[in-house]
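Enquirer: 3D, please:
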Amino acid sequence: MKTMHAPSLNRRHCLRLGAAAAVAAFATTRAARAATEGAASAAAAAPAADAPAEQRRFQALDFDWADTARQRPVPVRLYLPEQAAGARVPLVVFSHGIGGSRRGYTWLGQHVARHGIASLHLQHVGSDRTLWGGSIFGLVGRLQTAAQDAEAVARVQDLRFALDTLLAGELAGRIDAERIVAGGHSYGANTTLLAAGARVAREGSVLDLADARIRAAIVISAPPFYGEDEPQRILASVAVPSLHVTATDDVIRIPGYYSGSDDRVKVFEATGSTRKWLAVYEGGSHSMFTDRSTSGGAALNPRVKQATQRLVLAFLQGVFDGDGSALAAWPQQHAALLARFTAQPAA
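Expert: As a prediction, the model looks like this:
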């Protein structure tokens with residue numbers, strides 16, 4: 001990991017996917033963010049008119065759950081596809097980047113739901129969109145607080161609590177508890193890796209937050225774990241299949257902090273999965289994978305999102321059904337967008 005001098009960032013207090021990563025990912029005006037998220041929150045209940053016939057209708061359901069043991073709200077949005085009576089669908093549980101909410105990443109959540117896979121989008125109240133409220137002069141402090149160890153751990157506990165609640169509730173009969181995948185972007189990618197088995201040493205002990213229900217991981221724009229110079233020591237214990245997505249300009253750059261796109265590749269290389277894939281798009285940006293429609297380039301952005309939708313579905317098909325044909329064909333179909341594609345083990 002590359003860092004600039006930042007005396008206020010204490011390694012001892014940060015799991016920090018890069019506290020500062022957040023500012024770069026969401027460096028837009030509050031009005032622009034609100035407009036983007038507001039438009040995204042109107043979840044379509046049916047496929048577009050020109051959608052393939054096999055695409056399904058789905059519901060977008062909001063739940064304001066609360067973990068009383070931690071005295072912490074855990075709002076979620078569930079994109080739930082229609083299915084035949086008695087049938088159960090697989091599930092992706094998705095964690096947002098710092099400053100996000102359950103209303104984000106609709107381009108991915110709605111897409112998998114249209115293809116018969118439920119998508120549960122978490123909102124982490126200690127590092128969500130409320131960070132953008134209040135005085136602008138306090139923003140950096142709020143972001144740094146949101147990236148401390150306590151919040152990083154709480155985010156994984158949010159994921160566990162949300163799964164517990166969903167699988168014990170009235171919708172449990174519609175979810176296949178044996179086919180659950182975790183995914184996330186930026187800070188959410190680090191949350192995903194912790195839930196998938198990453199282990200971080202703190203004060204003489206190891207934080208092991210793995211959730212055995214997670215069968216695979218979708219890791220989008222993962223920053224390094226801040227202050228850790230041996231990513232293999234943290235990520236070698238991630239044994240589930242993993243899909244890593246980034247871009248050559250997936251860079252986090254703000255005063256006191258720098259994380260180049262090569263950091264995303266290092267996360268991939270350090271992950272201990274015996275089955276893992278890396279897609280690196282040419283160009284782009286760190287926030288291209290949010291619901292923002294022009295970040296990374298107005299022409300490139302929708303093309304990358306569409307390609308990533310197909311990549312995620314191909315990955316899930318391989319994980320859930322053991323059919324790797326779509327994943328094997330994907331890099332050739334999208335070669336014009338790619339700077340690199342790596343499959344381990346190679347096909």
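
Enquirer: How about the contacts made by residue 130?
Expert: If you count contacts by C-beta atoms under 8 Å, 6 or more residues apart in numbering, residue 130 has none. The C-beta positions use only the backbone N, C-alpha and C, and glycine is treated the same way.

Enquirer: How is the nearest residue to residue 290 once chain neighbours are set aside classified with respect to secondary structure?
Expert: Spatial nearest neighbour of residue 290, excluding adjacent residues (C-beta to C-beta, 6 or more residues apart in numbering): residue 104 at 6.2 Å. Secondary structure, DSSP: H, G, I helix; E, B strand; the rest coil: residue 104 is coil.

Enquirer: Could you do the one 3 residues further on as well?
Expert: Following three-state DSSP, the label given to residue 107 is helix.

Enquirer: what about stretch 251-270, average pLDDT?
Expert: Mean per-residue pLDDT for stretch 251-270: 86.

Enquirer: and the residue nearest to residue 159 when sequence neighbours are not counted, how far is that from residue 73?
Expert: Nearest residue to residue 159, sequence neighbours excluded (C-beta to C-beta, 6+ apart): residue 195, at 5.3 Å. Relative to residue 73, residue 195 is positioned 19 Å away (C-beta to C-beta, to the nearest Å).

Enquirer: These two: who's more crowded?
Expert: More neighbours surround residue 195 than the other of residue 195 and residue 73, with 27 against 14 (other C-beta atoms under 10 Å).

Enquirer: Contacts only, for that one.
Expert: 156, 159, 160, 182, 209, 210, 211, 214, 217.

Enquirer: May I ask you to confirm that the last one belongs to a helix?
Expert: What that stands for is residue 217. No. Counting by three-state DSSP, residue 217 is not part of a helix but strand.

Enquirer: Identify the bridge partners of it.
Expert: Beta bridges link residue 217 to residue 182, residue 242 when assigned by DSSP bridges.

Enquirer: Next, count neighbours for it.
Expert: If we define neighbours as other C-beta under 10 Å, then residue 217 has 28 of them.

Enquirer: now the strands: where do they sit in the stretch 151-300 of the chain?
Expert: For the stretch 151-300 of the chain, applying DSSP state E, counting those that start in this stretch gives strands covering 175-185, 199-202, 205-208, 214-220, 242-247, 252-254, 257-259, 276-281.

Enquirer: Just the residues contacting the second one, thanks.
Expert: Contacts with strand 199-202, where a contact means C-beta under 8 Å, 6+ apart, come from 15, 149, 194, 206, 207, 208, 210, 225, 228, 233, 234, 237.

Enquirer: Which PyMOL command selects the buried ones in the residues you listed?
Expert: To isolate the buried ones among those in PyMOL, judged by 16 or more other C-beta atoms under 10 Å, type:
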select buried, resi 15+149+194+207+210+225+228+233+234+237
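
Enquirer: Please convert the contacts of strand 199-202 to CSV, extending it with distance to residue 339.
Expert: Below are those laid out as CSV (distance: C-beta to C-beta, whole Å):
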residue, distance to residue 339
15, 29
149, 34
194, 28
206, 35
207, 34
208, 35
210, 32
225, 24
228, 26
233, 28
234, 26
237, 29
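
Enquirer: Alright, calling it a day.
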